[in-house]
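# the following comprises the amino acid sequence and a computationally predicted model.
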Amino acid sequence: MEFPNQNEEYGNEEAYDEGIETEDGGSPENASKRKEVPKSADSSVRGSRAKKKNPSTRSWVWEHYTREPDNRNICRCHYCGRSMACATANGTTCLKNHLEICKEYQAWNESNQGQQHVLHREGEGDDESSKLKLSKCSESVFREASNEMLVLGELPLSFIESLAWKHFCSKVKLYKPHSRRTATRDIVEMYVRKKEAMMKLLKSNKQRVSLTTDIWVAPTTGASYMVITAHFIDASWQLRKLTIGFKHISDHTGTTICCVLLECLAEWGIRKVFTITVDNATANTNAMEKFVEAFCLQGIDALVLGGELLHLRCCAHILNLVVKDGLGEVENSVSAIRNAVQYVRSSSRRLESFEHKVDSGKMTRGSLSLDCKTRWNSTYLMLTRALKFRSAFDRMENEDKLYNDYFDVEVSEGKTRIGPPSVNDWDEVERLVKFLVIFYNSTLVVSASSTVNSYKCYNEIVTIQKNLISLKENPDKELKVKAEAMKDKFDKYWGGLKKINKLLIIASVFDPRNKMKFAGYCFDMLYGKDSPESKEVYESVYNVLKDLFDEYNRAVTRTGTASSSQSSQSQNHSRNNSQDTDKMDFDVDGYERMDMAYSEMVKETGFQDSSTELELYLKEKIEIPKANPLGIQFDVLGWWRINQCEVRKTSVKHPIMLKFSNHSK
């Protein structure tokens, strides 16, 4: 339902067309007969006109009509579309009478009884080009929206009874606020509805899911909670992420973690799992071993390759451990810079004093960020920004007595704050930041949760490994020592093929720009081109890839056989009626029928031919994406989705690879 812009300013003629009363109380038709107003009184008349309201849209009836743009005396009904005269002299009685007999309006009004009128803009933005629409919204909709606000905003339930919320509702007059007890009941009901929808989604897709799990400890109570998230790609090739569990656990043992996982999967009816990503705690390793033993009882296809590749260590967590070793080497230097940044940010006066010593111009408190000690990437950002103002910090040390006194204050028994940062501290941190950028960029990639990134992980691992090897040969002894310490920690989790889950390498194969050529190139760069070690690693990865493909091939064959057997039962029944008199006994030693032998040969040949599907995919030319001036990244899922739909491409040549790639990402 469209509305004219009620804030529009009209000239004199337009004002008369809209029905603004004239001085003599006449209508627009009598405007020409009006006596001219003396110029001296012109301003006072305009002032009196400005104070008068516009009666053209003052009546409630204009919520249901829109004036014709080319004829302001004609309007159109929003429901039946009938055109009606709406000259100001005629009033709005005829418009009201029409609504009483308009069947379309009566039907709309009856279906929206007990609801409120709500104005909203149709279109994007708040510009004048977007049009106002009138709709009705029930109190239940506002109530549900307020409950969602509590959940999404992580607000306490008491907020719904707060004075601020009641004041807001009284001003906008949307609905009467409900109590926190009602909100609690509504949120529980909303949770049940959402859960049913999620279970329906999982059931309809029948997907093999990958899980991530972590344990959170409440800072106030010390209680431990285990969060479980399911990741899968749906039928439309969209990445889905569902939190399926947030369970209280009594301890952090492997047995408890395994039991909670099994209970959660049973609750959601999940019977197929691809991988489970956990951190590097010993209890998690024990939990994964117990989980494989228990979950294999679900069926032959519950786990891939019997759970050999189930346990996947969190890449972001490993990077965090590696970087912490590097930061530990310069802990005092980092603390000195942290204390200096904290001093500058502690008050507006100190920030202003620091600003006077900055040559680059005006700065804000955000120009210097303070880190969170448990998040190394925030420490990296703090150090990077502080290095830009190194000269300003040096001037502070030479000119600001309060700055130096800040570090002389005793903060604990006989200990003062570390700092101010010396020349050696700045040099140490500058060396560290030069190669921390490698880990920072990799962390951004592997930590992404809303996009597919598994095919990128091995690239980040190899990038870090290659750079650490180069830094170990650096002539700078200090940098060399740091690189060696970080390389030792890196090798603990990702050194050699036995310590890395091969799925991280195999996932890169499903990037059509890489296939096995990228993995082979990385092996040559790490172990030497055409070296025996490089060839051995390549063969090892390829064999696992082939084993995975064969297992998916068998699963697809079983599914196809089960569906085809049902469709052929009716045909077999009709055939059996005609073959009852021609039954033959095959249970005789040495008796062999050629048609049965041929059928067995076709089954075996079909399986062998399908195994070449993998080789066909790997031998095809790699995808070379076209230049993208907008900087949009290549969409791997989009490539597989398109090739699934195009008959001339993957949907015919690689049906099993499609199924395999759907889970490997």
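Looks like it came in fine.

# and residue 67, what are its phi and psi?
Torsion angles at residue 67 (phi, psi; degrees, to the nearest 10) stand at phi -70, psi 150.

# give me the nearest residue to it, chain neighbours excluded.
Taking C-beta to C-beta, 6 or more residues apart in numbering, and ignoring the residues beside it in sequence, residue 67 has residue 75 as its nearest neighbour in space, at 4.9 Å. Placement of C-beta: from N, CA and C, glycine included.

# contacting residues for that neighbour?
When contacts are counted by C-beta atoms under 8 Å, 6 or more residues apart in numbering, residue 75 is found next to 65, 66, 67, 68, 83, 84, 86, 95.

# farthest pair within these?
68 and 95 (13.9 Å; C-beta to C-beta).

# and the two? which has more neighbours close in?
Neighbour count, other C-beta atoms under 10 Å: between residue 68 and residue 95, residue 95 has more, with 19 against 12.

# residue 153 versus the more buried one, what's the distance?
Residue 95 sits 43 Å away from residue 153, going by C-beta to C-beta, to the nearest Å.

# same question for residue 381.
27 Å.

# repeat for residue 382
29 Å.

# neighbour count winner among these two?
A count of neighbours by other C-beta under 10 Å puts residue 382 above the other of residue 382 and residue 153, at 21 against 9.

# how about the more buried one: what's its closest non-neighbour residue?
residue 371 (4.1 Å).

# are we agreed that that neighbour is in a helix?
No - under DSSP: H, G, I helix; E, B strand; the rest coil, residue 371 sits outside any helix and is assigned coil.

# what count of nearby residues applies to it?
For residue 371, the count of nearby residues is 20 (other C-beta under 10 Å).

# list the residues that contact it.
Contacts of residue 371 (C-beta under 8 Å, 6+ apart): 338, 378, 379, 381, 382.

# spatially nearest residue to the fourth one (excluding sequence neighbours)?
Which is residue 381. Using C-beta to C-beta, 6+ apart, the closest residue to residue 381 is residue 369 (5.5 Å).

# contacts for stretch 202-215 next, please.
If you take C-beta under 8 Å, 6+ apart as the criterion, stretch 202-215 is touched by 224-235, 242, 249, 252, 257, 261, 268-270, 272-279, 304, 314, 662-663.

# drop anything exposed from these.
The neighbour count (16 or more other C-beta atoms under 10 Å) marks 224, 226, 228-233, 242, 252, 257, 261, 268, 270, 272-279, 304, 314, 662-663 as buried among the contacts of stretch 202-215.

# just the ones in strands from those residues, please.
Those of the buried ones among the contacts of stretch 202-215 mapping onto strands are 224, 226, 228-233, 242, 273-278, per DSSP state E.

# now do the helices in the stretch 501-650 of the chain.
In the stretch 501-650 of the chain, the helices defined using DSSP state H, counting those that start in this stretch lie at 503-509, 515-527, 532-579, 594-619, 636-645, 650-653.

# now swap in the stretch 101-250 of the chain and tell me
Applying DSSP H, counting those that start in this stretch to the stretch 101-250 of the chain gives helices spanning 103-111, 139-152, 163-172, 180-205.

# I'd like the average pLDDT over the second one.
Going back to what we said before, that points to helix 139-152. Averaged over helix 139-152, pLDDT sits at 85.

# now do the buried residues in it.
Along helix 139-152, these residues count as buried under the neighbour rule (16+ other C-beta under 10 Å): 142, 143, 146, 147, 150.

# tell me what it is packed against?
When contacts are defined as 3 or more C-beta pairs under 8 Å, 6 or more residues apart in numbering; DSSP states H and E, helix 139-152 sits against helix 180-205.

# so which two of the ones in strands among the buried ones among the contacts of stretch 202-215 are the farthest from each other?
224 and 233 (31.2 Å).

# the strand or helix carrying residue 404: what's the following helix or strand?
Secondary structure assignment for residue 404, by DSSP states H and E: helix 401-408. Next in sequence after helix 401-408, counting helices and strands by DSSP H and E, comes strand 410-412.

# can you give the contact residues for that next one?
416, 417.

# any idea of the mean pLDDT in that strand?
Strand 410-412 comes out at a mean pLDDT of 74.

# strand partners (parallel or antiparallel) of that strand?
Strand pairing for strand 410-412, determined by DSSP bridges: strand 415-416 (antiparallel).

# dump the residue contacts of the nearest residue to residue 544 once chain neighbours are set aside.
Of all residues not flanking residue 544 in the chain, residue 502 sits nearest, at 4.8 Å (C-beta to C-beta, 6+ apart). Residue 502 makes contact with 309, 540, 541, 544, according to C-beta under 8 Å, 6+ apart.

# which residue is nearest the middle of this protein?
Closest to where the C-alpha atoms of the chain average out (C-alpha atoms, centre = their mean) is residue 450, at 3.0 Å.

# SS state for it?
coil.

# just checking, what packs against the host helix or strand of residue 327?
Residue 327 belongs to helix 315-328 when assigned by DSSP H and E. Contacts defined by 3+ C-beta pairs under 8 Å, 6+ apart place helix 315-328 against helix 376-388, helix 423-446, helix 454-472, helix 477-494.

# could you give the mean pLDDT of it?
Computed over helix 315-328, the average pLDDT equals 85.
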